[in-house]
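Asks: Take a look and give me a structure for this.
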Amino acid sequence: MGSLRKALHAPVHGSVVSIEVVVGQSVAAGQTLLLLESMKMEVPLTATEPGTVRAIGAAVGDVVAEGVTLVELEPGSGPTVAATAPPAPDPTLPRADLQRLLERRALLEDAARADAIARRHAQGGRSARENVTDLLDAGSLLEYGAFAVAAQRSRRALDDLQRNTPADGLISGTGSVNAATFGPERTRVAVMAYDYTVLAGTQGFFNHRKSDRLLEVAAAQKLPLVLFAEGGGGRPGDVDSMSVSGLHCTTFAALARLSGQVPVVGIVHGRCFAGNAALLGCCDVIIATENSSIGMGGPAMIEGGGLGRVHADEVGPVSVQAHNGVIDLRVADEAAAVAAAKHYLGYTQGVLNADAPAGGEALSLRHALPENRNALYDPRAIVATVMDVGSVLELRRDFGLGVITAFARLQGRPVAVAASQPRHLGGALDAPACDKLARFMQLADAYGLPLITFVDTPGFMVGPDSEKTAMVRRAGRLFVTAAALRVPVFSVVLRRGYGLGAMALTAGHFHAPVATAAWPSGEFGPMGIEGSVRLGFRKELEAAAPEAREALFQQLVAEAIDKGQALNVASHLELDAVIDPAETRDWLARGLASAAGKPLAPRRAFVDAW
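Replies: Numbers count the residues shown, from 1 in each chain. This next block holds a predicted model:
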């Protein structure tokens, strides 16, 4: 090579696919001299400066090693500028491949199926995309698997499937909820929304694969899940699938594994049957609109099982599913359901304003209980007064009426609240109340929410009819569950604290909570006072003259009440404090502050007594 020549070397190992110049040709700096192909990518060799090509050391088709000399260039004798480059493309005009993407995306929007969406609106519902848009913070959706269609290509045209089975009837993705309030790090969620306008929201082959992918992401990233569950269950029409029974489907187990790991919120509007209902039943909380019908089998399955014909709306209406405990929150429509889901998730996302006002006047608590110890009152008003204004979200209101369960906030801190309801069986814990409270304790513990209990109970419900409901096991649930609690518990006895029921409402016994207090109206004993007097003083009462027996009974009751009154019990250190009712909020706030910030112990496994 002449001393004035410059060697240009192969930038990569590859094959020569084209030579753009000839020997003796003048070239400009940056001009392409030849093209190499390496790993399916074209790599140009360009002139480093103007000059004349004096030698070419390869031919088209040659495989050359990186660093081999391919061109000898004599600098300085070539043109100073390269040939005029073609004009830059207009970035506002999509290329053909991008245009195909944009057209395909357009088919995913509600506007592409105006008739189906109009029918949905006419029935009082919203589209799946409208619900997802309402739930997630604006612009936060990262969608998964949007281009899936029903596995029916062997029976339907692809264009038909793309237009009429968008996303295979399931919108899935991640995003954020309440980020403006709690920040982006604490508000990420996963969402799955079955689309009832696509094959009745049924679960198809690709639909399940999408679910499994999102549930895998949710588990790995520890994301709460919101499930819009409306739909008819399995889809037999997906003929492209090679599956015979489908019983190897992993979706149900994958969603169930999220339980206790992250919050799982289920929302249902309209009809939710079979597989869709099975997923819904795995959720921590079920929010249902008034026109919902939920069941483990729809009309076709019921009729196929020889159980007669049932209208879809009569399978499992809200009037049934709210009272049996399936539904946690009963709302008017989908907009209210989404609002409730956001509110619910907020309790798991962080602390709000510590200066939040109470829900009522503290002094009003001094007269919240009638002076007549047997008179009824409204415990919901007490809870609302003590907690932050507007913060109480009651769960399962229509089920387990003997106990009220709710999420709330106290000086901005999210808490779980359980309160006796004396308007039902005098506050006795029957089987539904035990089930309700046991599960609520599990929920509070899973979310790391301190548990506050307001106690006024004569104990567990007893008698032959009660025992028919498996009360022994139901009562045992409360003690077994409470014994495994990791979150701090605070208990306030409002009036009656009798027997095992009072112990169950205070996490097992009066010293199980971080602190247990009573209002001055509190009265205590191993069982109801009247019953304990009749049992403990039976001989004395039988020996008394008939005309003096009632007076003796009332005297013994008065003595038992005096002995069991709050101040006397506290003097024996069975209670931690007796407080002015007006101090309840402040007492609880000081207790919460003392327990705040302590890491929770690892969960202890236990066997549910029921």
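Asks: Leu215 and Ala253 touch, don't they?
Replies: No - using CB atoms under 8 Å, Leu215 is not in contact with Ala253, being 9.4 Å away. No exception for glycine: its C-beta is placed from N, CA and C like everyone else's.
Asks: Looking only at neighbour counts, state which of these two leads.
Replies: Leu215 (25 against 11; other CB atoms under 10 Å).
Asks: Which residue, other than its chain neighbours, is closest to that one?
Replies: Using CB to CB, 6 or more residues apart in numbering and skipping the chain neighbours, the partner closest in space to Leu215 is Ala254 (4.1 Å).
Asks: Repeat that for Ala179.
Replies: In space, Ala179 is closest to Thr187, 4.5 Å off (CB to CB, 6+ apart).
Asks: List the residues that contact that neighbour.
Replies: With contacts taken as CB atoms under 8 Å, 6 or more residues apart in numbering, Thr187 has the following neighbours: Asp137, Ser176, Val177, Asn178, Ala179, Thr181, Leu345, Gln349.
Asks: which one of the residues you listed sits closest to Ala111?
Replies: Asp137 (22.5 Å; CB to CB).
Asks: For that closest one, what are phi and psi?
Replies: phi -60, psi 150 (degrees, to the nearest 10).
Asks: surely it meets Val177?
Replies: Yes - using CB under 8 Å, Asp137 is in contact with Val177, at 6.5 Å.
Asks: Which one's more surrounded, those two?
Replies: Neighbours per residue (other CB under 10 Å) separate Asp137 from Val177, with Val177 holding more: 24 against 16.
Asks: Report the contact partners of the more buried one.
Replies: Leu135, Leu136, Asp137, Thr187, Val189, Val226, Ala341, Lys342, Leu345.
Asks: what's across from the residue nearest the centre of the chain in the sheet?
Replies: The chain has Val264 as the residue nearest its centroid, 2.7 Å off, counting by CA atoms, centre = their mean. For Val264, the residues forming beta bridges with it (DSSP bridges) are Leu225.
Asks: close enough to count as contact, it and Leu227?
Replies: Yes - contact status for Val264 versus Leu227: in contact at 7.2 Å, counting by CB under 8 Å.
Asks: any shared contact partners between those two?
Replies: Leu255, Cys283.
Asks: ok, back up a step: give the buried residues for whatever helix or strand the residue nearest to Leu215 lives in.
Replies: Using DSSP states H and E, Ala254 maps to helix 251-256. Of the residues in helix 251-256, Thr251, Phe252, Ala254, Leu255, Ala256 count as buried by neighbour count, 16 or more other CB atoms under 10 Å.
Asks: what about the third one, distance to Val389?
Replies: Here Ala254 is placed at a distance of 40 Å from Val389 (CB to CB, to the nearest Å).
Asks: Check the last one too.
Replies: Between Ala256 and Val389 the computed distance is 37 Å (CB to CB).
Asks: How about the secondary structure of Ala55?
Replies: With DSSP: H, G, I helix; E, B strand; the rest coil as the basis, Ala55 sits in strand.
Asks: Excluding sequence neighbours, find me the nearest residue to it.
Replies: Glu72 (3.9 Å).
Asks: On the C-terminal side of the longest strand seen in the chain, identify the next helix or strand.
Replies: Counting by DSSP state E, the longest strand found in the chain is strand 489-498. Next along the chain after strand 489-498, taking DSSP H and E as the criterion, comes helix 499-504.
Asks: which outside residues touch that next one?
Replies: By CB under 8 Å, 6+ apart, the list of residues contacting helix 499-504 reads 428-429, 434, 437, 455, 457-460, 475, 478-479, 482, 493, 496, 509-510, 524-528.
Asks: switch the cut-off to 7 Å
Replies: 428-429, 455, 457-460, 475, 478-479, 509, 526-527 (CB atoms under 7 Å, 6 or more residues apart in numbering).
Asks: I'd like those residues as TSV, with distance to Pro11 and neighbour count appended.
Replies: Listed next are those as TSV, based on distance: CB to CB, whole Å; neighbours: other CB atoms under 10 Å:
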residue	distance to Pro11	neighbour count
Ala428	85	22
Leu429	80	29
Val455	80	26
Thr457	82	31
Pro458	88	25
Gly459	86	25
Phe460	83	25
Ala475	79	24
Leu478	74	26
Phe479	75	17
His509	78	15
Pro526	90	14
Met527	91	18
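Asks: and of these, the nearest to Gly448?
Replies: Leu478 (20.2 Å).
Asks: Could you pull up phi and psi at Met213?
Replies: If you look again at residue 213, you'll see it is Arg, not Met. With angles defined as degrees, to the nearest 10, Arg213 sits at phi -60, psi -50.
Asks: List of residues touching the lowest-mean-pLDDT helix or strand in the chain?
Replies: Lowest on mean pLDDT, DSSP states H and E among the helices and strands of the chain sits helix 529-536, with a mean of 83. Contact with helix 529-536 is made by Glu523, Gly525, Pro526, Leu541, Phe553, Leu556, Val557, Ala560, Ile561, Gly564, as judged by CB under 7 Å, 6+ apart.
Asks: Let's see it as PDB, backbone CA atoms only.
Replies: Output of helix 529-536 as PDB, limited to C-alpha atoms (Å, rounded to 0.1, in the frame of the first residue of the first chain):
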ATOM      1  CA  ILE A 529     -75.000 -10.700  85.600                       C
ATOM      2  CA  GLU A 530     -78.600 -11.900  85.900                       C
ATOM      3  CA  GLY A 531     -77.700 -15.400  84.800                       C
ATOM      4  CA  SER A 532     -74.700 -15.600  87.000                       C
ATOM      5  CA  VAL A 533     -76.800 -14.600  90.100                       C
ATOM      6  CA  ARG A 534     -79.500 -17.200  89.200                       C
ATOM      7  CA  LEU A 535     -76.900 -19.900  88.800                       C
ATOM      8  CA  GLY A 536     -74.500 -18.900  91.600                       C
END
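Asks: Would you mind pulling up the elements that whatever helix or strand comes next after that helix packs against?
Replies: Along the chain past helix 529-536, the next helix or strand (assigned with DSSP H and E) turns out to be helix 538-543. In terms of contacts (3 or more CB pairs under 7 Å, 6 or more residues apart in numbering; DSSP states H and E), helix 538-543 is packed against helix 546-563.
Asks: so how far is Arg496 from Arg373?
Replies: Relative to Arg496, and taking CB to CB, Arg373 is found at 8 Å.
Asks: Have a look at the two and say which one is more surrounded.
Replies: Arg496 (27 against 12).
Asks: Pull the number of nearby residues for the residue nearest to Glu394 when sequence neighbours are not counted.
Replies: Leaving aside its chain neighbours, Glu394 sits nearest to Ala406 (4.3 Å; criterion: CB to CB, 6+ apart). Number of residues near Ala406 (other CB under 10 Å) recorded here: 22.
Asks: Please apply the same query to Ser259.
Replies: That count, for Ser259 with other CB under 10 Å as the rule, works out to 14.
Asks: Likewise for Ala548?
Replies: Neighbours of Ala548 using other CB under 10 Å come to 11.
Asks: ok, it to Val533 distance?
Replies: For Ala548, the distance to Val533 - CB to CB - is 15 Å.
Asks: any idea how far the residue nearest to Ala179 lies from Ser420?
Replies: From Thr187 to Ser420 the distance is 35 Å (CB to CB).
Asks: Likewise for Val392?
Replies: Val392 is 16 Å from Ser420, by CB to CB.
Asks: So between those two, which is more surrounded?
Replies: Neighbour totals were compared for Val392 and Ser420, and Ser420 leads with 30 against 18 (other CB under 10 Å).
Asks: Next, the contact list for that one, please.
Replies: Pro379, Val403, Gly427, Phe454, Val455, Asp456, Thr457, Leu505.
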